[in-house]
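Novice: What would the 3D arrangement of this be:
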Amino acid sequence: MAICEHLSSAADPTARTPDGCEECLATGSRWVHLRRCLTCGHIGCCDSSPNKHATRHFHEVAHPVIQSYEPGEQWRWCYVDNEMG
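Specialist: A predicted model of the protein is given here:
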């Protein structure tokens with residue numbers, strides 16, 4: 001099975017807020033796990049977090065691929081094709 005075009009062409013940008021979720025840090029909210037946008041480096045909280053900023057970022061700017069920003073995790077997810085890589 002071939003990997004989707006978004007996952008195969010995803011970049012590896014520097015995290016914009018390496019200390020946590022960009023929006024949660026700004027508002028003082030909490031998060032559960034972090035995800036990094038592989039288009040722009042946005043760090044957002046996961047869908048188990050109260051604010052779901054990683055998915056919200058996708059809906060606002062349509063950057064298709066995130067990667068886990070948790071230590072030891074390397075998986076990637078394409079929102080467009082609902083595919084893990």
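
Novice: So which residues of the chain form helices?
Specialist: 5-8, 22-27, 53-61 (DSSP state H).

Novice: buried ones in the second one?
Specialist: With burial defined by 16 or more other C-beta atoms under 10 Å, the residues of helix 22-27 counted as buried are 22-24. C-beta here means a position set from N, CA and C on the backbone, and glycine is covered the same way.

Novice: How about the longest one?
Specialist: Of the residues in helix 53-61, those with enough neighbours to count as buried (16+ other C-beta under 10 Å) are 53-55, 57-58.

Novice: want to try TSV for the residues you listed, with distance to residue 72 and pLDDT as columns?
Specialist: Shown next, in TSV, are the buried residues of helix 53-61 (distance: C-beta to C-beta, whole Å; pLDDT from 0 to 100):
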residue	distance to residue 72	pLDDT
53	22	98
54	18	98
55	22	98
57	23	98
58	24	98
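
Novice: Looking at these, which is nearest residue 67?
Specialist: Of all these, residue 54 has the smallest distance to residue 67: 10.1 Å, by C-beta to C-beta.

Novice: re the thing from before, figure out which of the helices of the chain is closest to residue 76.
Specialist: helix 5-8 (5.7 Å).

Novice: Just the CA trace of the closest one, in PDB.
Specialist: This file holds the C-alpha atoms of helix 5-8, laid out as PDB (Å, rounded to 0.1, in the frame of the first residue of the first chain):
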ATOM      1  CA  GLU A   5       1.200  12.200  -1.200                       C
ATOM      2  CA  HIS A   6       0.900  14.500   1.800                       C
ATOM      3  CA  LEU A   7       2.800  12.200   4.100                       C
ATOM      4  CA  SER A   8       5.400  11.400   1.500                       C
END
